[in-house]
Every structure is written in structure tokens, then in C-alpha cells.
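Undergrad: For reference, the sequence and a predicted model appear below.
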Amino acid sequence: MDGSFHSIRDSITNKIQDPEVRHSLLFAVASVVVGLSLFFPRPQNFAPIGALGLFAGAFARSRHAWLFPVGALAVHTVAIGGYHWVVLGSVALGFSMSGFIGQHWIRHRVRPLRIGAAAVCTSAGFFFISNLGSWVTFGIPRGESLLHHYILGLPFFWNTLLGDLFFSTVLFGGFAALAVRRPKPVGHGARP
């Protein structure tokens, strides 16, 4: 039994030393931290999940960057006990879109203006998708028009937009600051 434990430990150690696995673990841990951060006092809808999707889309090596914001949402949803399934599905779809936007719009051109524009698109897309799910669940039974439902959701949109812009600035700006401070390796043929 002791030999099998060592072989399992060695297998896990080898997997963790793989840069691809370590990179994915970093984003998985970030998703859990973001999901748990939603329990801190903050204005409603002022959340880091959309920014996490943009950041993961821009820097995660996986084509499945959309899973990281959905993972953060899952951590939060499990902790609070859930949502109505249609609302949850529309919220997850809205957040997953941020991973696609980051992947296709920011990945190869990480520039402040592109990040800001992507955050605005993420907020707008989330607003339209999540409010559609909310309208299907709550608005139709009350006889509300879709336009009326969107108008009622506008105060939440502004907080979503501010959150996406703020947390995108923190994530991308922090990453840029760390990249600038990291010393370049000196090797053969490299100039100091």
C-alpha cells in the first residue's frame, strides 16, 4: 500500500509541475476566490465575475476560458442555495460570454482601450441576456412587456458596468504591473 501511495503522490506531483496544469489551477483558484468574494459587502451587481471572464479569456491557455466565470458563479450559487433554473442559466450564459469576448477580442491585443470596450460589451451582453431570463421567469407571469423589464433592470446595469470596468482595471492593471516588475532572465547572449 505504501508503494501505491508514493506512485499516486509522484503522479500528482508530475501533473502539478506541468505548466499547463499549473496555469489552469491558477485560474481555477481565482474562480473560487472570485466566487467567495461575492459575499463581501458591495453594491448589488458590482462584481468581479465579468472581469474574471475577460482576464481568463485573454490569458488562460485553455479554449474553455468561459468556464472560469461560470465556475465562480457556481461557487456562489452553491453557497447561497441556488436560483430559479432559467435565471441561473441566463446569468451563466451572460457571464460565459465574457470569456469568449476576452478570448477573441483581447487575447492578441491587450490594450487599455480594448479592455475598456470589452468590459462595456460584457456588461451590455450580460444585461440583455440575464434580464431576458428574468423576464421569462418573472415578467411573463406578471404580464410585463420585455421593454418594461429592461427599464426596471437599468439601475443594475450601471453597477454591473462599474464593476466590470473597476475589476478589469484591477486584474489587467495588476497583471501589467507585476509583468513590468519581474526581472528578465539573464542568459547566454543576453545583455544586462
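TA: In hand now; what should we look at?

Undergrad: got a list of what Phe95 touches?
TA: Listed by Cβ atoms under 8 Å, 6 or more residues apart in numbering, the contact partners of Phe95 are Ile49, Gly50, Gly53, Pro69, Val70, Ala72, Leu73, Phe126. Any C-beta I mention is one placed from the backbone N, CA and C, and that applies to glycine too.

Undergrad: now Ser145, nearest residue through space, not along the chain?
TA: Gly139 (7.8 Å; Cβ to Cβ, 6 or more residues apart in numbering).

Undergrad: Give me the helix or strand of this protein that scores worst on average pLDDT.
TA: helix 2-17 (a mean of 60; mean pLDDT, DSSP states H and E).

Undergrad: quick one on the thing from earlier: out of the contacts of Phe95, who's the most crowded?
TA: The most crowded member of those is Gly53, carrying 36 neighbours; neighbours defined as other Cβ atoms under 10 Å.

Undergrad: which residues touch it?
TA: Counting by Cβ under 8 Å, 6+ apart, Gly53 touches Ala65, Trp66, Phe68, Pro69, Phe95, Ser96, Met97, Ser98, Gly99, Ile101, Gly102, Thr122.

Undergrad: try 6 Å this time
TA: Pro69, Phe95, Ser98, Gly99 (Cβ atoms under 6 Å, 6 or more residues apart in numbering).

Undergrad: confidence score at the second one?
TA: On the pLDDT scale, Phe95 is placed at 91.

Undergrad: so what does the longest helix anywhere in the chain touch, helix or strand wise?
TA: Using DSSP state H to define each element, the chain has its longest helix at helix 146-181. Judged by 3 or more Cβ pairs under 6 Å, 6 or more residues apart in numbering; DSSP states H and E, the packing partners of helix 146-181 are helix 49-59, helix 112-134.

Undergrad: what's in contact with the longest one?
TA: Under the contact criterion Cβ under 6 Å, 6+ apart, helix 112-134 has outside partners 50, 54, 86-87, 90-91, 93-94, 97-98, 101, 105-106, 149-150, 153, 157, 160-161, 164-165, 168, 172.

Undergrad: Now do the same for the helix or strand following it: mean pLDDT, whole number.
TA: The helix or strand immediately downstream of helix 112-134 is helix 140-142, counting by DSSP states H and E. When pLDDT is averaged along helix 140-142, the result is 86.

Undergrad: Next, the buried residues of helix 140-142.
TA: Residues of helix 140-142 include none that count as buried (16 or more other Cβ atoms under 10 Å).

Undergrad: Next, Ser62: phi, psi?
TA: phi -80, psi 150 (degrees, to the nearest 10).
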